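S.K.: Give me a 3D structure for the following:
(one chain, ligands or ions: 1)
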Amino acid sequence: MAYSAPMSSLSPLGSLSRRLAALDARSRRRILAPRAGVDFASNDYLGLASDPAIAAAIADAAARGVPAGAGGSRLLRGNAPEHEALEEKAARFFGAESALFFSSGFAANAALLATLPQPGDLIVADELIHASVHEGIRLTRAAHVLAAHNDAAAVEDAITGWRAGGGTGTVWIAIESVYSMDGDIAPLADLVAVVDRHGAVLIVDEAHGTGIMGAGGRGLSAPYEGRENIIALHTCGKAMGVEGALVTGAAIVKDYLVNRARGFIFSTAPSPLIAVAVGTAIDRIAAADDRRAALDDLRAHAGRAICVPLGLAAPVSPILPIILGTDRRAMAVAADLQAAGFDIRGIRPPTVPAGTARLRITLTLNITAADIDALAPALTAALAANSGAAHPGTAHPGVAA
Ligand SMILES: Cc1ncc(COP(=O)(O)O)c(C=O)c1O
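M.R.: Below is the predicted model:
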């Protein structure tokens, strides 16, 4: 997609044009770029996005008359047997009392945070939590506070401080099991202990855990699912290779969301064909120990080939952030790597905190150890060619977070 031309100040859209120009001047303008190069950027960790069994499940369902469109909200005509079957299967698989299918993880997170916490409650969210949680927080009528990243003691301090100030409602803690832009892992056992001690609820976003972490790919929250105070969000568009999200938790949570989550109620239900695809994706991740082992091998290999030479710690997930500081430098290094045939994206604020623009390298089964070996010298060269914060090159606006 090309840049739109600047508009005259008389145009009713002139202010949009000026704001885009301001983003451009700060190396923050995004455009949609075509897919190109070796995949070091997708979240298709297990390579299931092009899985033949998932494609066949969609084709078979279409052939027996399952419709592409739900035709309405789940609360009206849109509630198809495929949605119900998927939710039953997901609840069983993840070990929860119930599951509710949303059309995306973004919609699900926004719904959870906007709907469950009530006026008089408190939300404590990790400071690096995903934008979709912030979206829900924008809509909530509960109080909210951000806690230091991956710091269970900071979460507990936030709760005790709020209680000391007279807070009496329910506390909802929002975290990710594997952080999307840092690839690090939450101290889940400590956080579960905090919610147990304080009568709070833990909402675990498993977007980057489902499929690749935990026994059978159930995510890192698997040992805790089924408890009343644990809600998990299993997105279906990353390791599961499809799209949508399954919220798992107590039956009353599902019941409440069905009654009160505006994004669920006032929206056409996801395609029944997609529900079928996600059901098959659950079977695929359940049987993917070999794929998880192969991904682990790639992670260990990337640790040796990429992280050690750069003096970085070994990765604990398939997400390797290489923090470069300025937006301009991150985008310039990403552009050089793209020119060398690697699909690597620069990630800028506000997706990540100011001053921490980075490359986000992901490992998936769409690549091999040889691809990592080819990337390592290209990365060293791109970093050397773009050293220093004040790189004078072009803004490289085509590389979007
Ligand atoms: C941590 C996290 N939560 C939620 C989402 C949103 O999920 P979806 O892509 O299904 O909308 C993402 C995707 O970027 C994510 O990384």
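S.K.: Which residues are in contact with Leu112?
M.R.: 136, 174, 203, 231, 233, 247, 257, 261 (C-beta atoms under 8 Å, 6 or more residues apart in numbering). For every residue, glycine as well, the C-beta is placed using N, CA and C.
S.K.: Leaving out the residues flanking it, which one is nearest to the residue sitting nearest the centre point of the chain?
M.R.: The geometric centre of the chain, computed from its C-alpha atoms, lies nearest to Ala207 (C-alpha atoms, centre = their mean), at 4.5 Å. Distances taken as C-beta to C-beta, 6 or more residues apart in numbering place Thr235 nearest to Ala207, at 4.3 Å, with adjacent residues excluded.
S.K.: How about the backbone phi and psi for that neighbour?
M.R.: phi -80, psi 150 (degrees, to the nearest 10).
S.K.: so it touches Gly211, yeah?
M.R.: No - Thr235 lies out of contact with Gly211 (C-beta atoms under 8 Å); the separation is 9.3 Å.
S.K.: Same drill for those two, tell me which one is more crowded.
M.R.: Gly211 (32 against 27; other C-beta atoms under 10 Å).
S.K.: tell me which element the residue nearest to the more buried one when sequence neighbours are not counted is part of?
M.R.: Setting aside the residues directly before and after it, Gly211 is nearest to Ala239 in space (C-beta to C-beta, 6+ apart), at 2.6 Å. Element membership for Ala239 (DSSP states H and E) is empty, with no helix or strand holding it.
S.K.: and Ala239, what is it in contact with?
M.R.: 43-46, 48, 208, 210-212, 217, 285.
S.K.: Looking at the stretch 201-350 of the chain, which residue is nearest the ligand?
M.R.: Per C-beta to the nearest ligand atom, Ala207 is where the stretch 201-350 of the chain lies closest to the ligand, at 3.5 Å.
S.K.: swap that for the chain, sorry
M.R.: Counting by C-beta to the nearest ligand atom, the chain gets nearest the ligand through Gly105, at 2.3 Å.
S.K.: Pull the contacting residues for that residue.
M.R.: 132, 205, 207, 233, 235-237, 244-245.
S.K.: and these, which of them are in helices?
M.R.: Ser132 (DSSP state H).
S.K.: of all the contacts of Gly105, which comes closest to Ile361?
M.R.: For the contacts of Gly105, the residue nearest Ile361 by C-beta to C-beta is Ala207; the value is 17.4 Å.
S.K.: wait, that closest one sits on Tyr179?
M.R.: No - the criterion here is C-beta under 8 Å, and Ala207 misses it with Tyr179 at 9.6 Å.
S.K.: pull the CA atoms of the lengthiest helix in the chain into PDB?
M.R.: Longest helix in the chain by number of residues, with DSSP H as the criterion: helix 369-385. Output of helix 369-385 as PDB, limited to C-alpha atoms (Å, rounded to 0.1, in the frame of the first residue of the first chain):
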ATOM      1  CA  ALA A 369      18.300 -24.000  11.800                       C
ATOM      2  CA  ALA A 370      20.000 -23.100   8.500                       C
ATOM      3  CA  ASP A 371      17.800 -20.000   8.200                       C
ATOM      4  CA  ILE A 372      18.900 -19.000  11.700                       C
ATOM      5  CA  ASP A 373      22.500 -19.600  10.700                       C
ATOM      6  CA  ALA A 374      22.000 -17.300   7.600                       C
ATOM      7  CA  LEU A 375      20.300 -14.600   9.700                       C
ATOM      8  CA  ALA A 376      23.100 -14.400  12.300                       C
ATOM      9  CA  PRO A 377      25.800 -12.700  10.100                       C
ATOM     10  CA  ALA A 378      23.200 -10.600   8.400                       C
ATOM     11  CA  LEU A 379      22.000  -9.300  11.700                       C
ATOM     12  CA  THR A 380      25.500  -8.500  12.900                       C
ATOM     13  CA  ALA A 381      26.100  -6.600   9.600                       C
ATOM     14  CA  ALA A 382      22.800  -4.700   9.800                       C
ATOM     15  CA  LEU A 383      23.500  -3.700  13.400                       C
ATOM     16  CA  ALA A 384      27.000  -2.500  12.500                       C
ATOM     17  CA  ALA A 385      25.800  -0.600   9.500                       C
END
